[in-house]
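Engineer: Below are the sequence and a predicted model; questions follow.
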Amino acid sequence: MLLYQDKHSFLHRLHPSAKIAGLILAFCHPLLSSDPLYLSGSLCLALAVGAFGKCLRNYLKMRKFLIPLFTASVLLWALFRKGGEPIFALDLLGVSSESLMYGLAMGLRITSLLLFGVVFLSTTRIEEIMAGLEAMGVPFKVGFVLSLSVRLLPTFTSTGSEIVQAQRARGHDPFSGGPLTRLRKSVPLIAPILLYAVRKTDQLSIALEARGFGSSDRRPYLQYRFGLGDGLALGVLVALLIISWRMRP
C-alpha cells in the first residue's frame, strides 16, 4: 500500500517542501491544455520524472489500475460528450472525432496526474510529508492527521484481509456470486472492521496523550535544509511550466 522506495536519487534528496511545491507545479502542467498531443508530452514528462526518481517499478505495479482507468475515461468522454458529426451512433449515444479526441485527452490528463502523484509517494516518506507541510506553514496537527491517515491505511487493509480469510475458513466467501450477492455478503465485514478502527483509535489517543501530544514544547526530530538543488529543481519546473503555457495549442 505504501509506494515509497528507499533509493538514492536526486528526487529522494530534495527538501520535502520542495517536493510538495514541485508536485503542485507538476499537476498544473496537464491542466494547461486539452490537446491530446500536448498531453502526450505531459505523459512523457511524467515517465521521464519517474525514471529520474528510479520509481518506474511502481508504474508497473499500478498498470492494472491505470490502464482500465485510461480506457474507461476515453470511452466515457467519447460517448457522452456532444459535438461534431458522429461517426458512430447508438440511440442517444454517439461518438464523433471531436469527442473521441477529447476523451483521449482526458485519459492522458488523468494518467499524467496519477503518475506525478506516484512519483511523489515513491520518493517521499510519510514523515517527510508532515515535515514539508509544517515547513510551508501548515499547522502541525493538520500534517500529523494527514500522515497518520496514510500510515494507517495498510493496517486497516491487512485487517480486512485477515477478516476475509477468517470468514472463508468458516465457509463464508464474500467474493462469490454476482455484484448484488457480493454486496450483500460484504455487510458482515463492516462490523469487525469498525470495531477494530474504534479500538485502534482509542489505543492511539492514549499513546499520544502519554507522549504529550499537543504540547508547545515540541522539538522536531527530523530537520531538513533547503539547498541549492531544491531551488534549481523548482526553477526548472517553473520555467518548464511557463514554456508549456506559452506553447500550448
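Structural biologist: Here it is on my side, so go on. Numbers count the residues shown, from 1 in each chain.

Engineer: Verify the stated contact: residue 27 with residue 115.
Structural biologist: No. Counting by CB atoms under 8 Å, residue 27 stays clear of residue 115, with 11.0 Å between them. C-beta: built from backbone N, CA, C; applies to glycine.

Engineer: name the helices or strands packed onto the top helix by length along the chain?
Structural biologist: The longest helix of the chain (DSSP state H) is helix 140-169. Judged by 3 or more CB pairs under 8 Å, 6 or more residues apart in numbering; DSSP states H and E, helix 140-169 is in contact with helix 126-135, helix 187-210.

Engineer: which one of residue 27 and residue 115 has more residues nearby?
Structural biologist: In this view residue 27 and residue 115 are compared by other CB atoms under 10 Å, and residue 115 has more residues nearby, 24 against 14.

Engineer: That one contacts residue 56, correct?
Structural biologist: No. The pair residue 115 / residue 56 is not scored as a contact, 10.2 Å apart, by CB under 8 Å.

Engineer: Overlap in contacts, those two.
Structural biologist: Common neighbours of residue 115 and residue 56 (criterion: CB atoms under 8 Å, 6 or more residues apart in numbering): 47, 50.

Engineer: Can you name the residues that contact the residue nearest to residue 133 when sequence neighbours are not counted?
Structural biologist: Leaving aside its sequence neighbours, residue 133 sits nearest to residue 143 (CB to CB, 6 or more residues apart in numbering; 3.9 Å). Residues in contact with residue 143, defined by CB under 8 Å, 6+ apart, are 129-131, 133-134.

Engineer: same thing but 7 Å
Structural biologist: By CB atoms under 7 Å, 6 or more residues apart in numbering, residue 143 lies in contact with 130, 133-134.

Engineer: Low-confidence bits of the protein, can you list those?
Structural biologist: Residue ranges of the chain with pLDDT under 70: 1, 84-86, 88-94, 214-222.

Engineer: Excluding chain neighbours, what is closest to the most centrally placed residue in it?
Structural biologist: Geometric centre of the chain, nearest residue: residue 117, 4.7 Å, by CA atoms, centre = their mean. Spatial nearest neighbour of residue 117, chain neighbours left out: residue 23 (7.3 Å); criterion: CB to CB, 6+ apart.
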